[in-house]
Structure formats: C-alpha cells, structure tokens
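Participant: With the sequence up front, the predicted model follows.
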Amino acid sequence: MTGSAAHDSPDVAAVARDLAESEALFARPGVEPDVTAAYGEHPDQVVDFYAPRGGLDGVPLVVVLHGGAWRAPYDRRHLTPFAGFLARRGFAVANVEYRRGNEGEAGGSGDGPVAGRWPETFDDIATVMDALPALVADALPQADPRRIVVTGHSAGGHLALWATARHVLPVGSPWRLDAPPRLRGVVAIAPIADFTTAVELGVCGGAVAQLLGGESELKARGDSADPSALLPTGIATAVVQGRNDIVVPQAVAEAYVDAAARAGEMVGITLLEDVGHYAPVDPGADACAVVAEELAQLAY
C-alpha cells in the first residue's frame, strides 16, 4: 500500500512520512472482535462486530470498509485497531471483509497482485449492506439501526461512497436500489473517489483498471463503479484527506467534491495539514480523532 501514486516522484519528506505512518499503523496489535458473523459462504464474506464500550444501548453503528487497493494481501485486520478505537468512543462497529483480487494473480503492472474482482467485490458490498440490519440485530443489539454511518479508507473509501450511491446506479444494474439506503451518512477517508483522476495519476499501480477487469472496461463499467459518476446521492457525505498523501493524492478527493458540486450536491472536505495516507485510521495519530468527530457529527 505504500508508495507514490503520482507520476512525479514525491519529495523525500513525503516518502519518509508515508513510511513512518504505514509502519506505525501496521505495527499496532490487532483488536479482536466481540462477534464475527458470515454474510455468505466464501471465507471472505464475514463481518467483525465490536460492541460499544460503556454498556450503552441505542448507539450509532459505524460500518468500516478497509482499503488496500482492493488487493488480497490487505484484509480487515489492519483496521481492527481503528475499529477498537471507535468502539471505545462509544460506537457500535461492523468491520467488513469482502472478496478482493485473487492471491498469486499478477496485476500486470509490476505493482503486486491484481486489484479486486468484477463483479464479486461489488456483489459482496451490496450483499453485506443489505444483510446488515439482520446481522446487527443478532450480533449487536446495542446498535440503533436508524443511525448507521459508513466509513472507509482508501479503496474502502471508494466502496463506502459506492455503497451509499446504489439508488443512482444505472437502471438494470444488479446492485441498484429502488430507494436511497437508510443511512445517516458516509465519511470517506483518503478515498479513491474519482476514477478519471486516479487513473491519470496512476494511483496504486493501475488498481482502478484492474478492479474493473482491464483498461478496456474502464468506461463501460466505470459508470456503475465510479463514485464521481454516481451523483447526486442525497446522502450526507464528508471526505477526510491528508494534504501530504502520496498514495491517494488530494487531487482525487477534490475531483470528487467538484463532481458533486456540478451535480448540485455539497460534499464537505476536511484537509489535514502534515498528514499522509495512513494517519487518519491510526488510533495513535491526532488525525484519527478528526475522523471520529466527523462520524459523530453525522451519527448523532
């Protein structure tokens, strides 16, 4: 997940920050969930649930979608400290796993394994979001199903935005909803939110094209997968972005915010000074508290 997303080489300080942030996040010990539930038969079709600390009932539920360029080596475990942090803040938390690129399958760009699966990655996000009310009722009765906020980091930020936009998918899409999902909002953290800009900048070594099944599919499938093409949603949306992010640069988030404005929708964006890609989901970083506050503002 580390490394420059842009064609121009980042400066030495930015590379050092990226390395330090990623090492800090991945060095944190995992936090075990209170309950794990399956939403399908595949081993990756599971959700880890974290009960809110403090014994309160009727608390908001935060649905967490992890990043990792939709590639198989990166799973939900690296966001378990973030999930635990949110639970300590009084949220109920659902940390979602989903199918990503096949292990051992080369991406063709020299940047590691292939990113994502079409259509399985999207099948899983749609399925788990639809299954959550029943799963939560069993696993986290403390959670208030009327106060659900979705968040995601990097590629997970893309999936979080997509999950809240299924009602504006093209007619005939198997994932389309007839009405907006019952969500309080979405907080997208350093999201791969605009595919055109992400492709132009080479984000994550061509991961966007791989996710959609190849460059030849960018246009046809992008209309059903690119958050910037799925606007307006009518759902409260906030973006949190580090100004010094060299993995998914600020320009990607800004392109999404601009697309929303052209569609007549206001998307809030919080730009964090001296922050790279990983600090916003690292409980040891001040940036993580900013994300928690954004979630609280939407949830309460």
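Facilitator: Done, it's in. Everything numeric here is computed off the predicted structure, so don't read it as measured data.
Participant: Which residues are in contact with A83?
Facilitator: Residues in contact with A83, defined by CB atoms under 8 Å, 6 or more residues apart in numbering, are 31, 33, 48, 50, 64, 93, 95. The way it works is simple: take the backbone N, C-alpha and C, and place the C-beta from them, glycine included.
Participant: Between those residues, which sits nearest G234?
Facilitator: Nearest to G234 among those is V64, at 22.8 Å by CB to CB.
Participant: show me what contacts that closest one?
Facilitator: Applying CB under 8 Å, 6+ apart, the residues near V64 are 76, 79, 82-83, 86, 93-96, 151-152, 156.
Participant: That one belongs to a strand?
Facilitator: Yes - judged by DSSP: H, G, I helix; E, B strand; the rest coil, V64 forms part of a strand.
Participant: The residue nearest to it when sequence neighbours are not counted: which element?
Facilitator: Nearest non-adjacent residue to V64, counting by CB to CB, 6 or more residues apart in numbering: N95, 4.7 Å away. Using DSSP states H and E, N95 sits within strand 92-96.
Participant: just the helices in the stretch 51-200 of the chain please.
Facilitator: Taking DSSP state H, counting those that start in this stretch, the helices of the stretch 51-200 of the chain run over residues 80-88, 120-139, 155-163, 195-201.
Participant: Output the ones you listed in JSON lines, with mean pLDDT appended to each entry.
Facilitator: Formatted as JSON lines, those follow (pLDDT from 0 to 100):
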{"stretch": "helix 80-88", "mean pLDDT": "98"}
{"stretch": "helix 120-139", "mean pLDDT": "97"}
{"stretch": "helix 155-163", "mean pLDDT": "98"}
{"stretch": "helix 195-201", "mean pLDDT": "97"}
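Participant: export those helices to a markdown table and tack on distance to V248?
Facilitator: Formatted as a markdown table, the helices of the stretch 51-200 of the chain follow (distance: least, CB to CB, whole Å):
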| stretch | distance to V248 |
| --- | --- |
| helix 80-88 | 17 |
| helix 120-139 | 17 |
| helix 155-163 | 8 |
| helix 195-201 | 7 |
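Participant: right, so of those, which gets closest to A238?
Facilitator: Of the helices of the stretch 51-200 of the chain, the one closest to A238 (CB to CB) turns out to be helix 155-163, at 10.7 Å.
Participant: The closest one packs against which elements?
Facilitator: strand 59-65, helix 120-139, strand 143-153, strand 185-189 (3 or more CB pairs under 8 Å, 6 or more residues apart in numbering; DSSP states H and E).
Participant: Name the residues that touch stretch 133-143?
Facilitator: By CB under 8 Å, 6+ apart, stretch 133-143 touches 34-35, 37, 39, 47, 49, 51-52, 56-61, 92, 94, 145.
Participant: Now, of the residues you listed, which are buried?
Facilitator: Buried members of the contacts of stretch 133-143, scored by 16 or more other CB atoms under 10 Å, are 37, 39, 47, 49, 51-52, 59-61, 92, 94.
Participant: if we take those residues, which one ends up nearest to E215?
Facilitator: Each of these was scored against E215 by CB to CB, and Y39 proved nearest at 31.5 Å.
Participant: Arrange the buried ones among the contacts of stretch 133-143 in CSV, one row each, with pLDDT and distance to G264 as further columns.
Facilitator: Shown next, in CSV, are those (pLDDT from 0 to 100; distance: CB to CB, whole Å):
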residue, pLDDT, distance to G264
A37, 98, 38
Y39, 98, 34
V47, 98, 34
F49, 98, 37
A51, 97, 39
P52, 97, 36
V59, 97, 33
P60, 97, 28
L61, 98, 29
A92, 98, 33
A94, 98, 31
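Participant: Now flag whichever of the residues you listed is closest to R17.
Facilitator: Set against R17, the nearest of those by CB to CB is A94 (30.5 Å).
Participant: Might you report the residue contacts of that closest one?
Facilitator: Shown in contact with A94 (CB under 8 Å, 6+ apart): 47-50, 61-64, 132, 135-136, 140.
Participant: ok, now G68?
Facilitator: Taking CB under 8 Å, 6+ apart, we find G68 in contact with 1, 74-75, 78, 100, 154-156.
Participant: Any quick ChimeraX command for the buried ones out of these?
Facilitator: The ChimeraX command for the buried members of those (criterion: 16+ other CB under 10 Å) is given here:
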select :1,74,78,100,154,155,156
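Participant: From G55, how far out is G67?
Facilitator: 31 Å (CB to CB, to the nearest Å).
Participant: Which one's more surrounded, the two?
Facilitator: Higher neighbour count among G67 and G55: G67, with 28 against 7, using other CB atoms under 10 Å.
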